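Novice: Test case, fold it:
(chains A, B, C and D)
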2 protein chains.
Amino acid sequence: MESSSIPSGGSTRREATRQKLYEAAVTLIAEQGFSATTVDEIAERAGVAKGTVYYNFASKSVLFEELLRHGVGLLTASLREAAEQTARDGGSKVDALDAMIRAGLGFIARYPAFTQLYVAELWRTNRTWQSTLMVVRQQVNAVVEDVLRDGVAGGEFSDEIDIRLTAAALVGMVLVVALDWQSFQPERSLDDVHAAMSRLLQGRVSGHRG
Amino acid sequence: MESSSIPSGGSTRREATRQKLYEAAVTLIAEQGFSATTVDEIAERAGVAKGTVYYNFASKSVLFEELLRHGVGLLTASLREAAEQTARDGGSKVDALDAMIRAGLGFIARYPAFTQLYVAELWRTNRTWQSTLMVVRQQVNAVVEDVLRDGVAGGEFSDEIDIRLTAAALVGMVLVVALDWQSFQPERSLDDVHAAMSRLLQGRVSGHRG
DNA sequence: GTTTTTGCACTGACCAGTCAGTGCAAAAGC
DNA sequence: GCTTTTGCACTGACTGGTCAGTGCAAAAAC
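Specialist: Numbers count the residues shown, from 1 in each chain, chains lettered A, B, ... in the order given. Here you go, the predicted structure:
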């Protein structure tokens, strides 16, 4: 499932090996969890020797943490890009949120394993990589919060809304809907799922206003 | 943290021991994950010998599966109760959803560890308890879907909505918001969080209509 | 000729599951 | 009454296996 991998712009041989290891690790850990996944499995799936894993990463945990940072970097870049593109096109803030939902769905469709693993680890405590996770979570939510804040400032959104909570709710909605989509109705198209979520976002649930 | 435990109506000695094991297991697994949690740890935290765990449960996985079933049973009962109470009071379907959101938040506040563990495992595949999880997930979503379906039938909701997806989105919203609440802003009251979510539900985000 | 990878044997910690035995209360036998 | 037996719940030392991480010499890649 190379569809679950996280690409990078590396060009050296070492970079390529690291990339293969990320790809192998992300699917295995998503399926089985961190502790249940062995380094031997990761090496085998990546098609390298076990020693190579340790030549490239200090430990299993370090490999995992770098994987997390790498993946979240891609996600936030994708969300920010969507928001900025909308701004450049003169779209409203609702349009920006809508574009971000689409970008989020697209990201999850491309990297379902990464998303799965992210969600599974997000609210755990007492783990070595907890601080990494906190930073990374904050980065994702901040992108959404920024759009909401601008929308409130510009009068487009009610100033009664709780920005932090609303951002969390939107992120949660997208995460859960996308994972359910990938897991249980993978035949549906992105457009289809996106359209259904747009309807929700624009409050066209209760009452008929179309 | 007995606040994270799942109570039951047992009275025999054995039932009490099982209860202690659930309480111990749920927090440990929520914090560390299933594989990283040892049976010795569970036994120690429960204040029993390791052998007792195996006297009461066939294996570590079976203990976990029974824990899942037990917890989800409580959650669905709580949601259904909220929906029925609203119906008895002659409330609308939006009111029912609102009551279910409150019930969901209340459940998560009472059993945060259980919720954490549920979310972490929900989209994993290739695990022995995957079928248990599918059943259990379906039970939760079905409660919400039923209310949405009734709402569409009664003309209260647009018949354009995708019931399955909307139910997933609502559940996801509540899960993620509640976990963020518990993890990062535990000082906020249930009423406060619930009010913010109600505003979202009623589409009072974009535009001022108050 | 330097960097990276390979193959593979090895170690030591850790852990799920087992099993022979303990404690105890209530029934059965006398 | 008192002993003996039975069944249940529990105990904790022990075992067999697993796995992260190491060490190193030789090959491959650049």
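Novice: same for the host helix or strand of residue A:193, what does it pack against?
Specialist: Using DSSP states H and E, residue A:193 falls within helix A:190-201. Other elements packing on helix A:190-201 under the criterion 3 or more C-beta pairs under 8 Å, 6 or more residues apart in numbering or on different chains; DSSP states H and E are helix A:93-110, helix A:163-184, helix B:163-184. The C-beta positions use only the backbone N, C-alpha and C, and glycine is treated the same way.
Novice: Please enumerate the helices of chain A.
Specialist: Secondary structure of chain A (DSSP state H): helices located at A:13-32, A:39-46, A:50-56, A:60-88, A:93-110, A:112-122, A:130-153, A:163-184, A:190-201.
Novice: Could you dump those helices into JSON lines with mean neighbour count added?
Specialist: Below are these laid out as JSON lines (neighbours: other C-beta atoms under 10 Å in any protein chain shown):
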{"stretch": "helix A:13-32", "mean neighbour count": "20"}
{"stretch": "helix A:39-46", "mean neighbour count": "17"}
{"stretch": "helix A:50-56", "mean neighbour count": "15"}
{"stretch": "helix A:60-88", "mean neighbour count": "18"}
{"stretch": "helix A:93-110", "mean neighbour count": "21"}
{"stretch": "helix A:112-122", "mean neighbour count": "23"}
{"stretch": "helix A:130-153", "mean neighbour count": "17"}
{"stretch": "helix A:163-184", "mean neighbour count": "23"}
{"stretch": "helix A:190-201", "mean neighbour count": "18"}
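Novice: will you turn these into a markdown table that also has mean pLDDT?
Specialist: Shown next, in a markdown table, are the helices of chain A (pLDDT from 0 to 100):
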| stretch | mean pLDDT |
| --- | --- |
| helix A:13-32 | 93 |
| helix A:39-46 | 97 |
| helix A:50-56 | 96 |
| helix A:60-88 | 92 |
| helix A:93-110 | 94 |
| helix A:112-122 | 91 |
| helix A:130-153 | 90 |
| helix A:163-184 | 93 |
| helix A:190-201 | 93 |
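Novice: For residue B:172, find the nearest of those helices.
Specialist: Taking C-beta to C-beta as the criterion, residue B:172 comes closest to helix A:163-184 out of the helices of chain A, the separation being 2.4 Å.
Novice: if we can go back for a sec, need the helices of chain A in JSON lines with distance to residue B:55, can you?
Specialist: As requested, the helices of chain A are arranged in JSON lines below (distance: least, C-beta to C-beta, whole Å):
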{"stretch": "helix A:13-32", "distance to residue B:55": "28"}
{"stretch": "helix A:39-46", "distance to residue B:55": "33"}
{"stretch": "helix A:50-56", "distance to residue B:55": "39"}
{"stretch": "helix A:60-88", "distance to residue B:55": "34"}
{"stretch": "helix A:93-110", "distance to residue B:55": "44"}
{"stretch": "helix A:112-122", "distance to residue B:55": "31"}
{"stretch": "helix A:130-153", "distance to residue B:55": "35"}
{"stretch": "helix A:163-184", "distance to residue B:55": "36"}
{"stretch": "helix A:190-201", "distance to residue B:55": "48"}
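Novice: among those helices, which is nearest residue B:121?
Specialist: Nearest of the helices of chain A (C-beta to C-beta): helix A:112-122, 7.4 Å.
Novice: Any chance you could list what contacts the closest one?
Specialist: With C-beta atoms under 8 Å, 6 or more residues apart in numbering or on different chains as the test, helix A:112-122 has contacts from A:1, A:3-4, A:6, A:26-27, A:29-31, A:33-34, A:67-68, A:71-72, A:107-108, A:127, A:129, A:133, A:137, A:175, A:178-179, A:182, B:33, B:119-121, B:123-124, B:179.
Novice: what inclination does that helix have with respect to helix A:163-184?
Specialist: Helix A:112-122 runs at 130 degrees relative to helix A:163-184, counting by axes from the mean of the first three to the mean of the last three C-alpha atoms, to 10 degrees.
Novice: Report the angle between helix A:112-122 and helix A:13-32.
Specialist: Orientation of helix A:112-122 against helix A:13-32 (the same axes, to 10 degrees) gives an angle of 70 degrees.
Novice: ok now helix A:112-122, how far from the chain's centre?
Specialist: On the basis of C-alpha atoms, centre = their mean, to the nearest Å, helix A:112-122 sits 8 Å off its chain's mean C-alpha point.
Novice: Residue A:96: what's it in contact with?
Specialist: Counting by C-beta under 8 Å, 6+ apart, residue A:96 has contacts A:82, A:83, A:86, A:87, A:147, A:151.
Novice: nearest spatial neighbour of the fourth one, skipping sequence neighbours?
Specialist: Closest residue to residue A:87 in three dimensions, ignoring its sequence neighbours and counting by C-beta to C-beta, 6 or more residues apart in numbering or on different chains: residue A:96, at 6.6 Å.
Novice: Contacts only, for the residue nearest to residue A:105 when sequence neighbours are not counted.
Specialist: Spatial nearest neighbour of residue A:105, excluding adjacent residues (C-beta to C-beta, 6+ apart): residue A:178 at 5.3 Å. Shown in contact with residue A:178 (C-beta under 8 Å, 6+ apart): A:104, A:105, A:108, A:109, A:112, A:115, A:193.
Novice: go with 10 Å
Specialist: Residue A:178 makes contact with A:101, A:104-109, A:112, A:115, A:190, A:193, A:197, B:123, B:168, B:172, according to C-beta atoms under 10 Å, 6 or more residues apart in numbering or on different chains.
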